[in-house]
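[1] Can you look at this prediction? I've put the sequence above it.
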Amino acid sequence: MNAAQLPLVVLPGARGHAPDCTPFCAAPSDLDRVVILHYPAWRAQLEGELTAEALAEALVAEILGRVPPDPVVLLGVSIGGHFAYAAALRLESLGHPVAGLCLIDSGTITAARSAGWKARLASHAADLLRRGRPGALALHARRLAWRGLFRLAGDDLPSFARRHIAALERLSRIDPAFAEELGMRLLIRITAAWMPSLESHTARLNAPAALLRTEASAANDDLWRKRCPELRIIDLPGNHETLFEAENAPALHAAFLAAAAAWSRPDPWPAARRAQGG
């Protein structure tokens, strides 16, 4: 079966917003095969003391409940790449065929600020100004303000949120950006705590994989080569914030179709089978 006819399961970035899936479709009708997963909102994360391992298992259960037992293509955007990889491994272990794994600008997850974070935020703000998008700039500023508040709580953020859950719910109703940022920070924290375990017991994916990434994310190439022996890396223009913008969407579209074309081979795992003597 051609990869363009297979179910495409999309795991979004940490904000949980479904990305524009048009770049992942050869034709408008292909949108019908897209299944978009979502992460728990901030209160649901707190109530069950959610772990990344439990979330990964829940995502697999949702995939099995929503897609037929045909080969499936998994696509993870940013943080979603790690959950897509974990889901692909689990599906393979259950005998559910994975035709391919696509990772979109997916890098290492850490709860601490990464190097150059000030420059990236300033660059993004300048880009919004250049594009004449004052509303988006104001939203960017609000998100940064809430993010700074959450960082002040440090490791106590989950317990702080539980103690003040009523007040936080009121703020969430007033400003949806607050709820979105809090959910994102909590998701990043549990994922960052999961990373050492994921790396110390790295399992290799049999299915072919593609890493579509900007130059800024190139430092993570070796991480994904270790996880995915059948990995193809394709460079993308723009940066983490502008990947889906109109000027970069055609390149993203072309890169995804180029990667997916290799997944329509009769034998999608030739190297893995050769390694096993098959």
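    Great, that's in hand.

[2] residue boundaries of the helices in the stretch 151-278 of the chain?
    157-163, 165-174, 176-200, 221-227, 249-261, 270-275 (DSSP state H, counting those that start in this stretch).

[3] Any chance of these in CSV with mean pLDDT as columns?
    Below are the helices of the stretch 151-278 of the chain laid out as CSV (pLDDT from 0 to 100):
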stretch, mean pLDDT
helix 157-163, 92
helix 165-174, 94
helix 176-200, 91
helix 221-227, 93
helix 249-261, 93
helix 270-275, 43
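
[4] now what about the helix or strand hosting residue 84, what contacts it?
    For residue 84, the enclosing helix or strand under DSSP states H and E is helix 80-93. For helix 80-93, the external contacting residues (C-beta atoms under 8 Å, 6 or more residues apart in numbering) are 9-13, 52, 55-57, 59-60, 63-64, 72, 74-76, 97-98, 101-104, 106, 109, 191, 194-195, 198, 203, 205-207, 227-228. The way it works is simple: take the backbone N, C-alpha and C, and place the C-beta from them, glycine included.

[5] now those residues: which count as buried?
    9-13, 52, 55-56, 59-60, 63-64, 72, 74-76, 98, 101-104, 106, 109, 191, 194-195, 198, 205-207, 227-228 (16 or more other C-beta atoms under 10 Å).

[6] mind listing which of those residues are in helices?
    Among the buried ones among the contacts of helix 80-93, the residues falling in helices (DSSP state H) are 52, 55, 56, 59, 60, 63, 64, 191, 194, 195, 198, 227.

[7] nearest to residue 147, of those residues?
    residue 191 (16.1 Å; C-beta to C-beta).

[8] Excluding covalently adjacent residues, which one is nearest to the residue positioned nearest the centre of the chain?
    Closest residue to the average C-alpha location of the chain: residue 80 at 2.0 Å, with C-alpha atoms, centre = their mean. Ranked by C-beta to C-beta, 6 or more residues apart in numbering and with sequence neighbours excluded, the top spatial neighbour of residue 80 is residue 11, at 3.3 Å.

[9] Which parts of stretch 143-161 count as buried, going by neighbours?
    Buried, per 16+ other C-beta under 10 Å, within stretch 143-161: 143, 146, 147, 150, 157, 158, 161.

[10] quick one: secondary structure of the first one?
    Okay, so that is residue 143. helix (DSSP: H, G, I helix; E, B strand; the rest coil).

[11] list the contacts for it?
    Residues counted as contacts of residue 143 (C-beta under 8 Å, 6+ apart) are 177, 180, 181.

[12] you'd agree the last one is up against residue 151?
    No - taking C-beta atoms under 8 Å as the contact criterion, residue 181 and residue 151 are not neighbours in contact, 10.7 Å apart.

[13] all strands of the stretch 1-150 of the chain, in order?
    If DSSP state E, counting those that start in this stretch is used as the criterion, the strands of the stretch 1-150 of the chain fall at 8-11, 34-36, 72-77, 98-104.

[14] and these as CSV, adding distance to residue 213 and mean pLDDT?
    CSV is the format used below for the strands of the stretch 1-150 of the chain (distance: least, C-beta to C-beta, whole Å; pLDDT from 0 to 100):
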stretch, distance to residue 213, mean pLDDT
strand 8-11, 16, 96
strand 34-36, 21, 96
strand 72-77, 11, 96
strand 98-104, 7, 96
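
[15] right, and these - which one's nearest residue 136?
    Closest of those to residue 136 is strand 72-77, at 18.8 Å (criterion: C-beta to C-beta).

[16] quick one: strands adjacent to that closest one?
    As defined by DSSP bridges, the strand partners of strand 72-77 come to strand 8-11 (parallel), strand 98-104 (parallel).

[17] now what about stretch 56-72, what contacts it?
    1, 6-9, 11, 35, 37, 83, 86-87, 90-91, 94, 96-99, 268.

[18] How far away from the center of its chain is it?
    Between the centre of stretch 56-72 and the centre of its chain there are 16 Å (C-alpha atoms, centre = their mean, to the nearest Å).

[19] tell me the domain boundaries of this protein?
    For the chain, automatic domain parsing gives the domain ranges 3-111+196-275, 117-193.
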